[in-house]
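1. A predicted structure for the sequence below; I have some questions about it.
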Amino acid sequence: MVNTINISPRKSPLQQRSIATVDVILEATIQVLLSQGHDAMTTARVASRAGVSVGSVYQYYPNKQALLVAVITRHLNNVIQAVERVCQEQRGQSMAEIAKHVVSAYVQVKLQRPDASRALLALPSNAATNHVIASITTRGQLAICDLLASCSDARFQDPSLVAIVMTGSLIGPVQLMLTGVVPLERSEAVTAHLILLCTEYLRSVGDSII
């Protein structure tokens, strides 16, 4: 029989105090990853950095992997919530406005905490983290697909595929900035080019209705 690692949280924080404790633990996890790396990270070191007991960590997360999955989930949820919010706000807008606001929102939220994004990007992939990344990425694509269906000046024969290509075009350049290949100081220029890229892509695959 193959042994599986439990990556599910032991319980969810409900009261304000427990929510604050979990926030401190997850932030401490990022700080340990930044200062010591994935291999050296332990629940004991996270607890020490957070100023809580190891038992407090285990109260919510049964092991290191569960802690990492929780950190990745929180980070990606913040990203996707920003994308979902702008998609809701831009419903019924033009292709140009959709491209501008979706691109800007994605780049801004990813670079809001470049240290945290960089630390999580460097984590080794596994089935658990890949599942989280895939499911949350799908959420973002669905939000963009729904937004494209409301576009005021074009119709898309396959909005789902367009959303997939559009999100894929954003991920690579942002990762280049996070890994230092492209300096963060060039984020405004990169954003402007990505807006142009997505705008022209939408125009080329959309059927104008004006």
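-> Ah, there it is.

2. right, and Leu34 touches Ala119 too?
-> Yes: with contact defined as C-beta atoms under 8 Å, Leu34 reaches Ala119; the gap is 5.0 Å. Quick note: C-beta positions are derived from backbone N, CA and C, even for glycine.

3. okay, the two: which has more neighbours?
-> Using other C-beta atoms under 10 Å, the more surrounded residue of Leu34 and Ala119 is Ala119, with 23 against 13.

4. pLDDT score assigned to the more buried one?
-> At Ala119, the pLDDT value in this model is 87.

5. in a helix, it, correct?
-> Yes: using DSSP: H, G, I helix; E, B strand; the rest coil, the secondary structure at Ala119 is a helix.

6. residue contacts, it?
-> Shown in contact with Ala119 (C-beta atoms under 8 Å, 6 or more residues apart in numbering): Ile30, Leu33, Leu34.

7. buried residues in stretch 122-132?
-> For stretch 122-132, the neighbour count (16 or more other C-beta atoms under 10 Å) marks Ala128, Thr129, Val132 as buried.

8. and it, what's its mean pLDDT?
-> 88.

9. other residues contacting it?
-> Defining contact as C-beta under 8 Å, 6+ apart, one finds that stretch 122-132 is touched by Ile5, Ile7, Leu33, His38, Gln65, Leu68, Val69, Ile72, Thr73, Leu76.

10. and that stretch, how far apart are its ends?
-> 16 Å (C-alpha to C-alpha, to the nearest Å).

11. name the element Gln141 belongs to?
-> helix 127-149 (DSSP states H and E).

12. check what pLDDT Leu194 gets.
-> Taking Leu194 on its own, its pLDDT is 98.

13. count of neighbours near the nearest residue to it once chain neighbours are set aside?
-> What sits nearest to Leu194 in space, not counting adjacent residues and going by C-beta to C-beta, 6 or more residues apart in numbering, is Val103, at 4.8 Å. Neighbourhood size, Val103 [other C-beta under 10 Å]: 26.
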